[in-house]
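J.: coords please:
(one chain, ligands or ions: 1)
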Amino acid sequence: MAESFDVVVLGGGVIGASVAFHLTRLGCRRVLLLDRGQVAGGTTAQSSGILRTYYSVRPNVAVAKAALAMFQGFKDLLDDEEAECGIVRTGYLAVAPDGPMATALRGTVATQAELGVESRLITPQEAGAIHPWLRVDDLAVAAYEPEAGFADPTMTANSFARAARRGGAVIRQDTAATGLLRENGRITGVRTAAGDIAADHVVSCLNVWSPLLAAWTGAEIPCVATRHIVASFAADAPYTPAFPVLKDLGSALKLYSRSYGRTEILVGAGDEGDEIADPDGGTGDIPMDWVAEAGEQLAHRIPRFAEHGGFVRAWTGLYDTTPDWNPVLGPVPGLEGLSLAFGFSGHGFKLSPMIGRMLAQGALGLEPDLPLAPYRATRFAEGKPLTGAFGAGAVS
Ligand SMILES: Cc1cc2nc3c(=O)[nH]c(=O)nc-3n(C[C@H](O)[C@H](O)[C@H](O)COP(=O)(O)OP(=O)(O)OC[C@H]3O[C@@H](n4cnc5c(N)ncnc54)[C@H](O)[C@@H]3O)c2cc1C
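T.: I've put the predicted structure just below:
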């Protein structure tokens, strides 16, 4: 066999690039990061980039808290003055009318407090002071996380890849994995069109393409590709990062929004999206009904968009969605030498720096700083899903 590595990482999105970086940081020198296209050319490029620790699922709060600190200290983490993740601190404001969403919101802030996150319950009037364009008369409660905001997923992934390369990793683009090598039940490498590559360990970070692993190994991969629309709107004044990231739990689409390009508002839905059969088969037209519906719900919460606003543009992206809207991470029973990372279900960017470290530690046989066990592949069969309090959708 021509080549061999200690660890081969499949997929150069923000997750795979983070894993590759952390492997080199932990002293692993023979690392290969393989992508069929380009680093950050997959779903990472479609991301809205929002960072928050606001989660109802406890392990997610712990991972997101550690990850946010890594985003905040990104240059130091990568030991590279030129590394850039594009972090913008805007604060994160979640608002809810009376009802189940308000209950979930209160529970989430309690969990955050237990885990030492700075987040607090505030009144609708206080929310209106933080976001002066907000309609608050139909709200019961709000939560505010001042350290949250958004960052740039493409820059983050490329910075991780660059730091991995500086740490000795080989980054090979335009090379698709076509299978896994297996001996006596152990994964021993990767098959590519350009030849086989031996590896002591393979970490698969293939996002919506992860079902390939089912064909390659026979393992069950509970992951479907779901299509999600994102739109931007403009008002009569710039919608700048002075406005917090906003989650409107009162809207039917559970809308999230943030400043986009420092002038427009980017709006996406926390809904289930549309399942699509083939992640490479195109995502179809954007229904104008959806844009109208999202625009109406946006205008209800921020009336200035009804009075002086307009639709600017819309695009789509794919989530690698699992049955409980949380990722599957770590080893696969019966397949020694393979670790999985898929199923980020629309919220993997904010977790990526810490998930990369946990997966790298696991691949090297070290104890991860935070447990991978809650995210084990077998949790569905065991009847222990990581179901969040907000229902289906990417809040979790
Ligand atoms: C519209 C949208 C909005 C989002 N908003 C947010 C947000 O606000 N906050 C947040 O935290 N998260 C958000 N997310 C989710 C987040 O962006 C993703 O969880 C994250 O980027 C996934 O990274 P990844 O590395 O798993 O996947 P990808 O970036 O998709 O990387 C997978 C890589 O695998 C490669 N690949 C595929 N097949 C092969 C093969 N056979 N061999 C080799 N390589 C292969 C692909 O080329 C690709 O580069 C959003 C996602 C979308 C789509």
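
J.: now the residue of the stretch 101-250 of the chain found nearest the ligand: closest residue in space that isn't a chain neighbour?
T.: Per C-beta to the nearest ligand atom, residue 207 is where the stretch 101-250 of the chain lies closest to the ligand, at 3.3 Å. Bear in mind the C-beta positions are built from the backbone N, C-alpha and C, glycine included. In space, and not counting its chain neighbours, residue 207 is closest to residue 320: 4.6 Å by C-beta to C-beta, 6 or more residues apart in numbering.

J.: residue 87 now?
T.: Once flanking residues are discounted, residue 87 sits nearest to residue 151: 4.4 Å by C-beta to C-beta, 6+ apart.

J.: one more: residue 343?
T.: Nearest residue to residue 343, sequence neighbours excluded (C-beta to C-beta, 6+ apart): residue 322, at 3.6 Å.

J.: what sits against that neighbour?
T.: The contact partners of residue 322, taken as C-beta atoms under 8 Å, 6 or more residues apart in numbering, are 222-223, 328, 342-343, 345, 380.

J.: can you tell me which of the residues you listed lies nearest to residue 141?
T.: Residue 141 lies nearest to residue 345 out of the contacts of residue 322, by C-beta to C-beta, at 25.6 Å.

J.: mind checking which helix or strand the closest residue to the closest one other than its chain neighbours is in?
T.: Among residues not flanking residue 345 along the chain, residue 325 sits closest, at 4.2 Å (C-beta to C-beta, 6+ apart). Under DSSP states H and E, no helix or strand contains residue 325.

J.: re earlier: what sits against the residue nearest to residue 207?
T.: Listed by C-beta under 8 Å, 6+ apart, the contact partners of residue 320 are 43, 207-208, 210, 223, 225, 342-345.

J.: so what's the residue nearest to the spatial centre of the chain up against?
T.: In the chain, the residue lying closest to the centroid (C-alpha atoms, centre = their mean) is residue 348, at 1.6 Å. With contact set as C-beta under 8 Å, 6+ apart, residue 348 has these partners: 14-15, 327, 355.

J.: tell me the residues of the stretch 201-350 of the chain that contact the ligand?
T.: Residues of the stretch 201-350 of the chain lying close to the ligand (C-beta under 6 Å from any ligand atom) are 205-207, 209, 212, 228, 230, 268, 317-319, 344, 346-350.

J.: quick one: which of these sit in helices?
T.: Mapping these onto helices (DSSP state H) picks out residue 212.

J.: what about the helices in the stretch 51-200 of the chain?
T.: 58-72, 74-78, 100-114, 124-130, 153-166 (DSSP state H, counting those that start in this stretch).

J.: tell me which of those helices lies nearest to residue 145.
T.: Of all those, helix 100-114 comes closest under C-beta to C-beta, at 7.4 Å.

J.: any stretches of the stretch 1-150 of the chain with poor pLDDT?
T.: Judged by pLDDT under 70, the stretch 1-150 of the chain has its weakly predicted residues at 1.

J.: and the residue of it that's closest to the ligand?
T.: Sorted by distance to the ligand under C-beta to the nearest ligand atom, the residues of the stretch 1-150 of the chain start with residue 13, at 2.2 Å.

J.: surely that residue and residue 37 touch.
T.: No: using C-beta atoms under 8 Å, residue 13 is not in contact with residue 37, being 10.1 Å away.

J.: looking at those two, which is more packed in?
T.: Neighbours per residue (other C-beta atoms under 10 Å) separate residue 13 from residue 37, with residue 13 holding more: 28 against 13.

J.: burial of the closest residue in space to the more buried one that isn't next to it in sequence, as a residue count?
T.: Nearest residue to residue 13, sequence neighbours excluded (C-beta to C-beta, 6+ apart): residue 44, at 4.3 Å. The number of residues packed near residue 44 is 26, by other C-beta under 10 Å.

J.: double-check that residue 44 belongs to a helix.
T.: Yes: residue assignment for residue 44, taken from DSSP: H, G, I helix; E, B strand; the rest coil, places it within a helix.

J.: now do the same contact list for it.
T.: 13-14, 153-154, 157, 349.

J.: among those residues, which one has the most neighbours?
T.: Busiest of these [other C-beta under 10 Å] is residue 14, holding 36 neighbours.

J.: was I right about it contacting residue 156?
T.: Yes: counting by C-beta under 8 Å, residue 156 is a contact partner of residue 14 at 5.6 Å.

J.: intersection of neighbour lists for those two?
T.: Common neighbours of residue 14 and residue 156 (criterion: C-beta under 8 Å, 6+ apart): 349, 352.

J.: against residue 329, how distant is residue 120?
T.: Computed as C-beta to C-beta, to the nearest Å, the residue 120 to residue 329 distance reads 30 Å.

J.: what about those two, which has more around it?
T.: residue 329 (27 against 14).

J.: excluding chain neighbours, what is closest to the more buried one?
T.: Distance criterion C-beta to C-beta, 6+ apart; nearest residue to residue 329, sequence neighbours excluded, is residue 375 at 3.9 Å.

J.: what is the neighbour count of the one you found?
T.: 23.

J.: next one: the one 3 residues further on
T.: When counting by other C-beta under 10 Å, one arrives at 12 neighbours for residue 378.

J.: again, but for the one 5 residues further on
T.: If you count neighbours by other C-beta under 10 Å, residue 383 ends up with 6.
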